[in-house]
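J.: generate a structure from the sequence data that follows.
(one chain, ligands or ions: 3)
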Amino acid sequence: MKLLLKGGTIIDPTQNYNQVADLLIENGLVAQIGANLSTAGAEVFDAQGLVIAPGFVDMHVHLREPGLEAKEDIASGTKAAAAGGFTTIACMPNTKPVVDQAIIVSGILHRAQLEGAVNVKVIGALSKGQQGKELAEIGDMILSGAVAISDDGSSLDNNRLFKIGLEYTSMFGCPVISHAEDESLVDEGVMHEGAVSAMLGMKGRPSVAEDIAVARDIMLAEYTDSLLHIAHVSSKGAVELIRQAKKRGVKVTAEATPHHLTLTDEAVKAFNTAAKVNPPLRSADHVAALVEGLKDGTLDAIATDHAPHAFEEKDIEFRQAPPGFAGLETALGVILTELYHTGKFTLVEIIEKMSTAPASILNIEAGSLKAGVPADIAIIDTELEWTVDSSAFYTKGKHTPFDKKILKGKAVATIVSGKFVMRKGKVCI
Ligand SMILES: NC(=O)N[C@@H](CC(=O)O)C(=O)O
Ligand SMILES: [Zn+2]
Ligand SMILES: [Zn+2]
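T.: Ligands and ions are numbered 1, 2, ... in the order given. Down below sits the predicted model:
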């Protein structure tokens, strides 16, 4: 029951630890970190040249179960997570039925125990059926294990309902996660409103739709003194609103996705449905503002918004295709390639944004390698070059705007509670 990770560069943002050492796992827990630990009775994993980090936490994943298993299920989605170095993921409630009752939260947690390759946390819906008319049974869901509340998939435009939802959820110490896009401004838009949408003759989703929704959310969180988290921030206006709100002490946190941090609306130019997503990929000025916001702490976390769809659903005309694409298996490679190897971020910063920060926002035990915590670990080869091949993904969602891209950096092993769930790129559970 002992596993020794030998000679890796161990990074733990919570302890300011960043040095070559051994890490001993005993009975599923981190037992000890230090130089030349005894190998007696332990399986030894040679980690020379590799980085040992607390396993990644993805606070924004669509597992699609129950009801939408043609897109994804708990088994396939958690395998994709393991392949990407994620040891804990939180799944969104826009399933069929919507996760708006305690019994559904319990059901997902139970199935995840049986079939999950990694730890699964559940996010419950804010409104019944995500219809925006009345609150879901928020308290019961949280008491059954839900870690946050969200109507993600759509914006909740009803101000009164959002206000009482914030107040009620905050009483339990949990955040409301907002998909912030004003519906009336978004209208029938299918991509970012700008030069590229004009050229393609496509109806746009203006960035101001996001700015207005984020401003509303912040005003209500400030007024009610509640916990608010903004999902998939994509506009420069939203970044600035969150920055100012944080300065005033508003309890707001925010995430950005690998795709919004690295791609522009140019990616949809060939009517590529693999780049269709909400909120949409925007112009370069927005991308630059997101990277700056991530750097200065305005944006706390990186989350994938892994939103797989069945192949045939995405393989149609751009206007009709559903928004969203797979993200778990490319996230680390994209972030290391675009933010680490370019010198913009340190490894410690990236691990903090992908593990420690999301764990802290959801108030879950993860994101650290302190002695005594569950041994949930990502082992990373930062120098490994690889080509994205979506046909080989574990997720059922084979669409990604990163397909065929050459990336530098990859998780080569993932450990959950002291056991390998992925090794040499292959999921082993
Ligand atoms: N991001 C998306 O484009 N799609 C998500 C919904 C969402 O995250 O809002 C999905 O559930 O498919
Ligand atoms: Zn969303
Ligand atoms: Zn989402």
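J.: where does the stretch 51-200 of the chain get nearest to ligand 2, which residue?
T.: residue 179 (3.4 Å; C-beta to the ion). From N, CA and C alone the C-beta is placed, and that goes for glycine too.
J.: mind listing what the nearest residue to that residue once chain neighbours are set aside touches?
T.: Excluding the flanking residues, the one nearest residue 179 by C-beta to C-beta, 6 or more residues apart in numbering is residue 152, at 4.5 Å. Residue 152 is in contact with 60, 92-94, 123, 177, 179, 231, counting by C-beta atoms under 8 Å, 6 or more residues apart in numbering.
J.: pLDDT score assigned to residue 152?
T.: Looking at residue 152, its pLDDT reads 98.
J.: mind checking the SS state of it?
T.: Three-state assignment for residue 152 (DSSP: H, G, I helix; E, B strand; the rest coil): coil.
J.: check the residue nearest the centre of the chain and give its pLDDT.
T.: Centroid-nearest residue in the chain, with C-alpha atoms, centre = their mean: residue 303, separated by 2.4 Å. With respect to pLDDT, residue 303 has a value of 99.
J.: now stretch 87-105: mean pLDDT?
T.: Stretch 87-105 comes out at a mean pLDDT of 98.
J.: now check it, is it near ligand 2?
T.: No. On the criterion C-beta under 5 Å from the ion, stretch 87-105 is out of touch with ligand 2, staying 7.7 Å away.
J.: in helices, which of the contacts of residue 152 appear?
T.: Under the assignment DSSP state H, the contacts of residue 152 contribute nothing to helices.
J.: endpoints of stretch 296-303, how far apart?
T.: Its first and final residues considered, stretch 296-303 spans 17 Å by C-alpha to C-alpha, to the nearest Å.
J.: hmm, back to that, list the residues that contact the residue of the stretch 51-200 of the chain closest to ligand 2.
T.: Counted by C-beta under 8 Å, 6+ apart, residue 179 has contacts 150-155, 231-232, 278.
J.: repeat that for 6 Å
T.: Neighbouring residues of residue 179 by C-beta atoms under 6 Å, 6 or more residues apart in numbering: 152, 155, 231.
J.: ok, residue 284 next?
T.: Shown in contact with residue 284 (C-beta under 6 Å, 6+ apart): residue 264.
J.: and the pLDDT at it?
T.: Note on residue 284: pLDDT of 98.
J.: now it: how far from residue 71?
T.: Distance, residue 284 to residue 71, using C-beta to C-beta, to the nearest Å: 31 Å.
J.: cool, and residue 353?
T.: Relative to residue 71, and taking C-beta to C-beta, residue 353 is found at 27 Å.
J.: now do residue 388 against ligand 3, distance only.
T.: 21 Å (C-beta to the ion, to the nearest Å).
J.: er, residue 328 I mean
T.: Separation of residue 328 from ligand 3 (C-beta to the ion) stands at 13 Å.
J.: hang on, that residue packs against residue 308?
T.: No. When contacts are counted by C-beta atoms under 6 Å, residue 328 is not listed as touching residue 308 (8.9 Å).
J.: quick check, the residue in the stretch 301-429 of the chain closest to ligand 3?
T.: residue 305 (4.4 Å).
J.: neighbours of that residue, how many?
T.: Neighbour count of residue 305, defined by other C-beta atoms under 10 Å: 28.
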